[in-house]
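Q: The sequence and its predicted three-dimensional model are supplied below.
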Number of protein chains: 2
Amino acid sequence: MTAERIYLDNAATSRPKPPEVLEAMIDYSRHLGTPGRGAYAEASQTRNLLTRCRERLNAFIDGDDPNHIIFTLNTTDAMNLAIWGTLTHRLDHAAASSPIEVVTSELDHNSALRPFNALAERFPGRVVQKRARFNADTGRIDLDHLSSLISPATALVAVIHASNVTGVLQDAAHIARIIRARSDNRALFLLDAAQSLGHVPISVRDADVDLLAMPGHKGLLGPTGTGVLYIRPGVERLMLTVRQGGTGFRSELEQMPDFLPDRFEPGSHNAVGIAGLSEGIAYLQRAGMPAVVRHEAELTNMLLDGLSALAPLGVRVLSPAARALNPVDSASVGRVGVVSFTHDTIPAATLGDLLERDHNILSRAGLHCAPAAHTTLGTRETPGALGAARLSVGPFNTPSDIRAAIAAVTTICEQAAAGPDASHHVQPRDRTPRTHAPAH
Amino acid sequence: MTAERIYLDNAATSRPKPPEVLEAMIDYSRHLGTPGRGAYAEASQTRNLLTRCRERLNAFIDGDDPNHIIFTLNTTDAMNLAIWGTLTHRLDHAAASSPIEVVTSELDHNSALRPFNALAERFPGRVVQKRARFNADTGRIDLDHLSSLISPATALVAVIHASNVTGVLQDAAHIARIIRARSDNRALFLLDAAQSLGHVPISVRDADVDLLAMPGHKGLLGPTGTGVLYIRPGVERLMLTVRQGGTGFRSELEQMPDFLPDRFEPGSHNAVGIAGLSEGIAYLQRAGMPAVVRHEAELTNMLLDGLSALAPLGVRVLSPAARALNPVDSASVGRVGVVSFTHDTIPAATLGDLLERDHNILSRAGLHCAPAAHTTLGTRETPGALGAARLSVGPFNTPSDIRAAIAAVTTICEQAAAGPDASHHVQPRDRTPRTHAPAH
């Protein structure tokens, strides 16, 4: 008998999706199948489908205008549009002698760190990067430090709303107030909602966010190949385009049109993916965010408590002081259902391998594309491996999944304590760069 | 009884897809559902699926290395990676006093024209654009003119392989020879295969192409949300990245890794789309390109002959001198199954509307995102509308579809000749910028 596989890698992508998501993709494929340009009925229905998705998502994030919902390939694509779009514009308008400053945090993901590094390399001496510290125990950004880094020279502040390593949420509205005050309203605020959207309510108006980068395929429960950038009305005038091409309208112009969403959406849309995404959002709307928060907070705190109790066996939870809150509103902080941990002697990759091999539990081990976070957490280089093991919950996980995960980690630790023979350590797999091995 | 709808807008996206494409997407969604990072079996199977697709496509285009198949959102995204990637690198290495030159043709799509314009705007005085003329009757680029535009100052030559307005193919290998000779091997050759790939065989080696931009969802029969850039080995060293982020491997680096495909593929892949794309390519491999070419050439020439015969009724076919060739090899020219036409008195948009309303035929009217082509063709502003009507065939169209289309155009022309009462002209729809109206 094959045991059921327990998926606890929802931070990578949500799995499963609500059945309506795949059904919408099948329905689109069978009955529409057009990219949404053209005058005939099927093309117009595809356009309506894209519009409906924009409207749903705009309502879901309390946005100002559905046309400011820009579809991208993934969150990284959205982050790059936000970062390159705003900073190239700012560079064009800044004196060459006064560098522009960008601020992020040590918690941020390579989707912020790497574009900032590339910009600094591309414009030598013109871009200065600063990173706010965070507290390893609480997982919270040091807001005094953040505040000290921001000035009227700051062009953009990019902050990850919930860390994909610790799951800890930052207080976006508080950060926005700091940014506005310290920068004389000159800095833009980019919030990376890769791990928070669909897990906690987000109001871009309450949080006073200029740019919200979103995954379609994580908390929103849509398919892969969907990302979104929300651009607050007015901010588009402070952005250059990052790619250009056909937009299905005003083809006579040799520049990108100036209206949204077209200005930032050249080329054929991922219509089949957006058809699915729209149903993922509709599912969350029907379920209601309070119910989603309640469910995920319960599982998250179970996981947190269960793993924390294994400290005598050598388990260390990252940022253990933060707990999931229920109820949560957009001003609250706390944590989403991402819980990472290390073991005194078992390498992170081995933890992940044993969880799968012996317990059918799917997790993720490594640096999680957030190297600076692991430096502060002291987990950048743990014994025998980089990073930590990570378990991440989604709306379809159950308390029994969490009990199984805790029992599995317990067993693994006990076997390790009993000695190498009993531990059944698996050998780290042979990894070469080309195979996208798991040290992500 | 509802008549069957006849889809002749395959230049926008192929429709239908082979059943295996949707089946693979369903199978992926039900059994894998991961983005392909992580160490567990399902993630590793997703990675294998991406690798298999790269291998298939690399073989299909006679490429040198499957790792040089870079997945993008759409062809436009691939064109932008090619254009911004190579030209920002070249600008970094060129003296500020000597502008770099980019060459394209009047036939090219906004996915080349608009990035070039944006670059010229972004780097004032440092980027000079040149466009080769083409012959309106044959649809062929004037190669003497093209040759005269290329010099050692040329950084990039971008040419659309088959025009999405006329369907006419250019001789890529011949163009490559001109580029190599005239630029002293300094210019790179970007071929836009949006309308040719999957319709005629392409060998990047025979055609001596440096960068091939491809749609996944047109001739390759995959789903929307898939585009590809092939980068000839070595050319990646002449490119900067255009977006940066997590790559699932070497997360400790704060720059993009230097190996492909990772260097140019940050963020989660559209795994569900690539699962479908892989099956689209496999379908073409099973069918065999000679059979696809034979079938589409037959339909194309039927359409061409049928529409050309309507000249006495006021129909004018664009670039009528070019015919589809069978057999075709990658060195041949001719045309793919894209046939555009105008009428002396009926606006293009009305032609499209009548084809749908009275004949259930789905076509596309307008500028087709190629404004310069329509200028040369004399169809930029036709009576009452911009551009031309376009019919485009795919592998699943039948001779009976083509007969129906010709009969429909005949009827529309006859009704117009009989006078306004008999013509049942539909009113052009009310169009506002926000609705992506069909003047694409």
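A: Sure thing, it's come through.

Q: Contacts only, for residue A:299.
A: Residues in contact with residue A:299 (CB atoms under 8 Å, 6 or more residues apart in numbering or on different chains) are A:337, A:393, A:397, A:398, A:399, A:401, A:402. Yep, even glycine has a C-beta here, placed from its N, CA and C like the rest.

Q: and the second one, how many neighbours?
A: The one in question is residue A:393. For residue A:393, the neighbour count with other CB atoms under 10 Å in any protein chain shown is 30.

Q: shouldn't it be in contact with residue A:297?
A: No: applying CB atoms under 8 Å as the test, residue A:393 and residue A:297 come out as separate, 9.8 Å apart.

Q: The residue of the stretch 301-440 of chain A at minimum distance from chain B is in what secondary structure piece?
A: Residue of the stretch 301-440 of chain A nearest chain B, by CB to the nearest CB: residue A:369 (3.2 Å). Assigned by DSSP states H and E, residue A:369 belongs to no helix or strand.

Q: same deal with residue A:306?
A: In this assignment (DSSP H and E), residue A:306 forms part of helix A:289-308.

Q: in that helix, what's buried?
A: For helix A:289-308, burial by neighbour count (16 or more other CB atoms under 10 Å in any protein chain shown) applies to A:289, A:292-293, A:295-304, A:306-307.

Q: and it, average pLDDT?
A: For helix A:289-308, the mean per-residue pLDDT is 97.

Q: That helix: how far from the chain's middle?
A: Helix A:289-308 sits 19 Å away from the centroid of its parent chain (CA atoms, centre = their mean, to the nearest Å).

Q: Tell me where the stretch 201-350 of chain A has strands.
A: Secondary structure of the stretch 201-350 of chain A (DSSP state E, counting those that start in this stretch): strands at A:211-215, A:227-231, A:315-317, A:334-335, A:338-343.

Q: Return the residues in contact with residue A:121.
A: Neighbours of residue A:121 in contact, by CB under 8 Å, 6+ apart: residue B:255.

Q: pretty sure it is in a strand, no?
A: No: using DSSP: H, G, I helix; E, B strand; the rest coil, the assignment for residue A:121 is helix, not a strand.

Q: Distance of it relative to residue B:254?
A: According to CB to CB, to the nearest Å, residue A:121 and residue B:254 sit 10 Å apart.

Q: again, but for residue A:251
A: 40 Å.

Q: For stretch A:361-377, which residues meet the burial criterion?
A: Within stretch A:361-377, the residues that count as buried by 16+ other CB under 10 Å are A:361-374, A:376-377.

Q: and if you look at stretch A:65-77?
A: Of all the residues in stretch A:65-77, those buried under the rule 16+ other CB under 10 Å are A:66, A:67, A:68, A:69, A:70, A:71, A:72, A:73, A:74, A:75, A:76, A:77.

Q: Stretch A:399-411 now?
A: A:401, A:402, A:404, A:405, A:406, A:408, A:409, A:410.

Q: And for stretch A:124-134?
A: By 16+ other CB under 10 Å, the buried positions in stretch A:124-134 come out as A:126, A:127, A:128, A:130, A:131, A:132, A:133, A:134.

Q: Mind checking which of the residues you listed land in helices?
A: Among these, the subset assigned to helices under DSSP state H is empty.

Q: Wait, a helix at residue A:354?
A: Yes: counting by three-state DSSP, residue A:354 is part of a helix.

Q: For the residue nearest to it when sequence neighbours are not counted, list the residues it contacts.
A: Nearest non-adjacent residue to residue A:354, counting by CB to CB, 6 or more residues apart in numbering or on different chains: residue A:412, 5.0 Å away. Contacts for residue A:412 (CB under 8 Å, 6+ apart) come out as A:343, A:346, A:351, A:354, A:355, A:358, A:359, A:423.

Q: go on, residue A:212?
A: So residue A:212 contacts A:61, A:190, A:191, A:193, A:197, A:202, A:204, A:229, A:230 (CB under 8 Å, 6+ apart).

Q: Tabulate these (a markdown table), appending pLDDT, distance to chain B and neighbour count.
A: Below are these laid out as a markdown table (pLDDT from 0 to 100; distance: CB to the nearest CB, whole Å; neighbours: other CB atoms under 10 Å in any protein chain shown):
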| residue | pLDDT | distance to chain B | neighbour count |
| --- | --- | --- | --- |
| A:61 | 98 | 20 | 24 |
| A:190 | 98 | 14 | 25 |
| A:191 | 98 | 16 | 28 |
| A:193 | 98 | 14 | 29 |
| A:197 | 98 | 14 | 29 |
| A:202 | 96 | 20 | 25 |
| A:204 | 98 | 21 | 24 |
| A:229 | 98 | 12 | 25 |
| A:230 | 98 | 17 | 28 |
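
Q: quick check: domain ranges of chain A?
A: A:6-15+A:289-435, A:19-283 (automatic domain parsing).

Q: Can you get me the start-to-end distance on the last one?
A: Chord length of domain A:19-283, first to last residue, is 10 Å (CA to CA, to the nearest Å).

Q: what about the closest residue to residue A:359 other than its chain neighbours, helix or strand, and which?
A: Spatial nearest neighbour of residue A:359, chain neighbours left out: residue A:408 (3.7 Å); criterion: CB to CB, 6+ apart. Following DSSP H and E, one finds residue A:408 within helix A:399-417.

Q: Tell me how far that helix lies from the chain's centre.
A: 27 Å.

Q: got it, and stretch A:177-188?
A: Taking CA atoms, centre = their mean, the mean C-alpha location of stretch A:177-188 is offset from the chain mean by 24 Å.

Q: tell me the average confidence for it?
A: The average pLDDT within stretch A:177-188 is 97.

Q: wait, which of the buried residues of stretch A:361-377 is closest to residue B:103?
A: residue A:369 (38.9 Å; CB to CB).

Q: looking at it, the closest one is touching residue A:108, isn't it?
A: No: counting by CB under 8 Å, residue A:369 sits too far from residue A:108 to count as a contact (9.8 Å).

Q: For the stretch 51-200 of chain A, which segments count as strands?
A: A:69-72, A:100-105, A:127-132, A:154-160, A:168-169, A:188-192.

Q: Of all those strands, which one comes closest to residue A:175?
A: The minimum distance between residue A:175 and the strands of the stretch 51-200 of chain A falls on strand A:154-160, with 5.9 Å, by CB to CB.

Q: Could you list the low-confidence segments of chain A?
A: Along chain A, the parts satisfying pLDDT under 70 run over A:1-3, A:329-332, A:382-385, A:420-440.

Q: ok, the spatially most central residue of chain A to residue B:169 distance?
A: For chain A, the residue nearest the mean C-alpha position is residue A:194 (1.5 Å; CA atoms, centre = their mean). The gap separating residue A:194 from residue B:169 is 43 Å, by CB to CB.

Q: what residues are up against whichever residue of the stretch 51-200 of chain A sits closest to chain B?
A: Across the stretch 51-200 of chain A, no residue is closer to chain B than residue A:76, which sits at 2.9 Å (CB to the nearest CB). By CB under 8 Å, 6+ apart, the contact set of residue A:76 is A:111, A:227, B:243, B:244, B:245, B:246, B:266, B:267, B:268.

Q: Could I get those in a markdown table, plus columns for distance to residue B:14?
A: Output for the contacts of residue A:76, formatted as a markdown table (distance: CB to CB, whole Å):
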| residue | distance to residue B:14 |
| --- | --- |
| A:111 | 32 |
| A:227 | 24 |
| B:243 | 27 |
| B:244 | 32 |
| B:245 | 30 |
| B:246 | 32 |
| B:266 | 28 |
| B:267 | 26 |
| B:268 | 25 |
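
Q: Of these - the most surrounded one?
A: Using other CB under 10 Å as the neighbour criterion, residue A:227 leads the contacts of residue A:76 with 33 neighbours.

Q: Can you name the residues of the stretch 51-200 of chain A that neighbour chain B?
A: Residues of the stretch 51-200 of chain A lying close to chain B (CB under 8 Å from any CB of the partner chain) are A:67, A:72-77, A:79-80, A:84, A:88, A:92, A:109-111, A:113-115, A:117-118, A:121-122.
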